[in-house]
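Need the 3D shape of this:
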Amino acid sequence: GGDAPFVGRRMEVHAVVRACMSHGLTTVHGPAGIGKSAVVFEAARFMRQRHCFAHGIYVVNLEGVRAMKKILSALNGALHISATRASELARKLAQYRRCLIVLDRCETAVRLAPKQFNWFLATLLKESHVSVLVSSKVALPRDAQEIIGAGGGVGEVEVGALPHADAALLLVKAMRSQGRCLRASEVGLADRDEG
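Numbers count the residues shown, from 1 in each chain. As a prediction, this is how the structure comes out:
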């Protein structure tokens, strides 16, 4: 959950940060419930603390959204601007040269409106200088890079299962944060590194 401490996934977080710093578009994908959003939020927190994007990092939850007008509306709200078309949004974003837009939980748009979503991303990336980080249960179609034409290519990070030791440690820490003491040995770990 949102209250659990961040455990493990340092390699994935590093890969997301590295991809965001060197690509206009970065995608993070993996199965439902695997921790994609947690990885994306931790990477965004890391980059925010280090001022990697001078004009800010904006996070938009697109769970269940497939209509481009609703995506545009969500972006307008997060960025505190008003645009009626993707190209108008891109023009307004042109002033934010070092800005990261995180589009979390994009699977509905990727699955049900892939051409429109790719066109929307292409418009943002071509007509502004923002970077975009997309998380989804499914990867963008293989031809997305060609369609989108992202400057610097597309960075891609796949999030897999959390290693058993990290999963056990996460459980121990989450239980501790709820006031319940659970020893590492109860979840199959030696009593090291419980702190």
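
for this structure, what spans make up the strands?
Ranges of strands in the chain, per DSSP state E, are 25-29, 57-61, 100-104, 131-136, 154-158.

Just want the angle from the third one to strand 131-136.
Spelled out, it's strand 100-104. Counting by axes from the mean of the first three to the mean of the last three C-alpha atoms, to 10 degrees, strand 100-104 lies at 10 degrees to strand 131-136.

same for strand 100-104, what does it pack against?
helix 36-49, strand 57-61, helix 68-79, strand 131-136 (3 or more C-beta pairs under 8 Å, 6 or more residues apart in numbering; DSSP states H and E). All C-beta atoms are positioned from the backbone trio N, CA, C, and that covers glycine.

average pLDDT for it?
Taken as a whole, strand 100-104 has an average pLDDT of 96.

Contacts for it next, please.
Residues outside strand 100-104 that contact it (C-beta atoms under 8 Å, 6 or more residues apart in numbering): 20, 37, 40, 44, 47, 52-53, 56-63, 71, 75, 78-79, 124, 130-135.

Filter the residues you listed down to the buried ones.
Among those, those buried by neighbour count (16 or more other C-beta atoms under 10 Å) are 20, 37, 40, 44, 47, 52-53, 57-58, 60, 62, 71, 75, 78-79, 124, 130-135.

hang on, the earlier thing: as TSV, the helices and strands packed on strand 100-104 with mean pLDDT and distance to Thr27 would be great.
Converted to TSV, the helices and strands packed on strand 100-104 look like this (pLDDT from 0 to 100; distance: least, C-beta to C-beta, whole Å):
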stretch	mean pLDDT	distance to Thr27
helix 36-49	96	10
strand 57-61	96	15
helix 68-79	93	16
strand 131-136	95	5
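
TSV for those, including distance to Asp166?
As requested, the helices and strands packed on strand 100-104 are exported to TSV (distance: least, C-beta to C-beta, whole Å):
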stretch	distance to Asp166
helix 36-49	12
strand 57-61	24
helix 68-79	31
strand 131-136	20
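
need the helix or strand of this protein with the lowest average pLDDT.
Every helix and strand in the chain was compared by mean pLDDT, DSSP states H and E; the lowest is helix 144-148, with a mean of 71.

quick one on the thing from earlier: so which of the helices and strands packed on strand 100-104 is nearest His164?
Of all the helices and strands packed on strand 100-104, helix 36-49 sits nearest to His164, with 17.3 Å by C-beta to C-beta.

List the contacts of the residue positioned nearest the centre of the chain.
Closest residue to the average C-alpha location of the chain: Val40 at 3.8 Å, with C-alpha atoms, centre = their mean. Each residue near Val40 by C-beta under 8 Å, 6+ apart is listed here: 16, 28, 102, 104, 133, 135.

residues near the first one, how many?
When you say that, I think you mean Val16. 27 (other C-beta atoms under 10 Å).

Could you check how far the closest residue to Arg18 other than its chain neighbours is from Val17?
In space, and not counting its chain neighbours, Arg18 is closest to Gly155: 7.5 Å by C-beta to C-beta, 6 or more residues apart in numbering. Gly155 sits at a distance of 10 Å from Val17 (criterion: C-beta to C-beta, to the nearest Å).

This completes my enquiry, with thanks.
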